[in-house]
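*Asks:* Pasting the sequence and the predicted coordinates here, then a few questions.
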Amino acid sequence: MKVVIKRFDKDLPLPEYKTSGAAAFDLYVREETVIPSKKVVLVPLNIALQLPENHWALLSARSSLHKMGLMLANGIGVGDYDYRGNGDEYKAALWNYTDSPVTLSKGDRVVQMIVMTREQVSFEEKDKFSTEDRGGFGSTGK
């Protein structure tokens with residue numbers, strides 16, 4: 001699949017899969033960013049995309065992000081197909097859960113992205129299902 005990409009700072013590399021079996025590619029911090037203690041900051045990730053029709057982008061934390069004292073404030077990020085303008089730079093909403101400021105350097109890899117296919121659903125509403133209840137949230141394996 002080909003994806004049209006724009007880098008805002010061409011000194012930073014294009015995203016790439018780091019291994020042949022990688023599901024996601026890493027994104028790079030575009031500029032040094034200080035995230036104050038207990039605050040959320042939008043961190044620019046240096047790319048805008050024009051995804052193929054019926055595709056979307058999922059942004060998730062790299063597994064090492066917690067070692068910096070950071071996490072994605074919104075859990076995951078969703079890049080819709082129509083987020084595709086010239087200035088639509090992807091950003092990560094990062095929350096610093098530590099008691100000290102965290103500084104990210106230009107070029108740090110903090111999040112990863114997976115491009116996925118999209119299929120919209122239609123709903124058929126019913127007042128009652130014919131199947132039995134399973135036991136509630138978190139009940140598997142009790």
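*Replies:* Looks like it arrived, so ask away. Numbers count the residues shown, from 1 in each chain.

*Asks:* what are the phi and psi values for the residue sitting nearest the centre point of the chain?
*Replies:* In the chain, the centroid-proximal residue (Cα atoms, centre = their mean) is Leu59; its distance is 1.4 Å. In terms of degrees, to the nearest 10, the main-chain angles of Leu59 are phi -110, psi 130.

*Asks:* which residue packs closest to it, ignoring adjacent ones?
*Replies:* Spatial nearest neighbour of Leu59, chain neighbours left out: Gly77 (3.4 Å); criterion: Cβ to Cβ, 6 or more residues apart in numbering. For glycine as for every other residue, the C-beta is placed from the backbone atoms N, C-alpha and C.

*Asks:* OK, contacts around that neighbour?
*Replies:* Gly77 makes contacts with 57-60, 90, 92-93, 111, as judged by Cβ atoms under 8 Å, 6 or more residues apart in numbering.

*Asks:* Now do Pro13 against Gly135, distance only.
*Replies:* 49 Å (Cβ to Cβ, to the nearest Å).

*Asks:* hmm, back to that, ok, so of the contacts of Gly77, who is nearest Lys39?
*Replies:* Comparing the contacts of Gly77 against Lys39 with Cβ to Cβ places Ala93 closest, at 10.8 Å.

*Asks:* Secondary structure element holding the closest one?
*Replies:* Here Ala93 sits within strand 91-96, counting by DSSP states H and E.

*Asks:* count of residues packed around Thr117?
*Replies:* Residues lying near Thr117 (other Cβ atoms under 10 Å) number 9.

*Asks:* again with Gly79
*Replies:* 21.

*Asks:* Repeat that for Ser130.
*Replies:* When neighbours are counted by other Cβ under 10 Å, Ser130 registers 5.

*Asks:* quick check, it in a helix?
*Replies:* No: counting by DSSP: H, G, I helix; E, B strand; the rest coil, one finds Ser130 to be coil, located in no helix.
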